[in-house]
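*Asks:* Predicted model follows, preceded by the sequence.
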Amino acid sequence: MEGLTQVGDCTYRLEVPEASTFVPAVSYFITDGDGALIDPGPGAAVPALRRAMESLGLRRLDCIIPTHVHVDHAGGAGAVAALCPSARVLVHPRGVRHLAHPAHLIEITQQIYGTDFETRSGTVLPVSGPQLRGVEDGEVVRLGGRELQFIHAPGHASHHLAILDRSQQGLFCGEALGLPPHLLPSVAPYSFHEEDYLATIESLRRLDPRVLFFAHGGADAHPRPAFTTAAENTRIYSRMTLDGLRKGESPAEIALRFVVDVKRRFGLTYAPDGAQLLVTGYEMYFRKKGLA
Ligand SMILES: [Zn+2]
């Protein structure tokens, strides 16, 4: 099936560009036991997920695991859970209420992406209570012949977790290490917390994974330098934003400097809208901390 590629041991990555609101949605399947789905993606990805399950021979799922509840990762969780009634939806405890009652999540997303975001990214349906469960930090769940360990990984959002597949020492890191290939910080308005983000990078580094599976992007089989780069970039753009705010620059002006900087450093063309979201995410964090 187009967009579905094997990236590890019993591990497949599905990219669904047409379901994208902002950056391509990526989901992962682990085809051990009854199967796991990591990051169901937005509601618009559900038809592609069904086709992928068919082509992988998965008739049901044991578990559905959003790395966090932002709609590009978990907006489709309710719809997939309804299609797979025996599946458990395992999520960070702080994400449980958002998936059970998504009204607040929808409201925040409307403030960022517009009131009509569901017409593009698909409808956000609630996950039924009996299927939904919060997982503790360090908790291990069996899937067929392997163990999946959950690691609370706040920073991008307080409800973010990472999943370590111990059989291949593969880490599904969500957005905890930023956006590959350059590992620019994944700074979301409302939910970003810089101190937690940097602490999470260090706690994931200590797991010493052999491979990283990114929620936006692909797999990285040489992950060691990624931790240092991700932390460095987080600090660089944090300083840039804080300096700008203290000089009285507007978020749009700071965003423009960010766009110029990533062009110079990486040859990357970054959409001004995306840059402004990043600056706004930092700004909200600084104001909460009383730093700006
Ligand atoms: Zn996110």
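*Replies:* Received the coordinates, thanks.
*Asks:* So which bits of the helix or strand hosting residue 82 are buried?
*Replies:* Assigned by DSSP states H and E, residue 82 falls within helix 77-83. Buried residues in helix 77-83, counted by 16 or more other CB atoms under 10 Å: 77, 78, 79, 80, 81, 83. Every C-beta, even on glycine, is put in place using the N, C-alpha and C of the backbone.
*Asks:* where are the low-confidence patches of the chain?
*Replies:* 18-23 (pLDDT under 70).
*Asks:* Helices of that one, start to end?
*Replies:* Residue ranges of the helices in the chain, as given by DSSP state H, are 46-56, 71-74, 77-83, 96-100, 103-113, 117-121, 194-205, 224-246, 251-266, 272-288.
*Asks:* how much space between residue 259 and residue 125?
*Replies:* 36 Å (CB to CB, to the nearest Å).
*Asks:* And for the closest residue to residue 254 other than its chain neighbours, the neighbour number?
*Replies:* Setting aside the residues directly before and after it, residue 254 is nearest to residue 244 in space (CB to CB, 6 or more residues apart in numbering), at 3.8 Å. Applying other CB atoms under 10 Å, we find 22 other residues in the vicinity of residue 244.
*Asks:* gap between residue 244 and residue 274?
*Replies:* 17 Å.
*Asks:* ditto for residue 211
*Replies:* 27 Å.
*Asks:* Which one's more surrounded, these two?
*Replies:* Between residue 211 and residue 274, counted using other CB under 10 Å, the more crowded position is residue 211 (19 against 16).
*Asks:* Tell me if I'm right that the more buried one and residue 169 touch.
*Replies:* Yes. Here residue 211 lies in contact with residue 169, judged by CB atoms under 8 Å, at a distance of 7.2 Å.
*Asks:* How far off centre is the helix holding residue 82?
*Replies:* 18 Å (CA atoms, centre = their mean, to the nearest Å).
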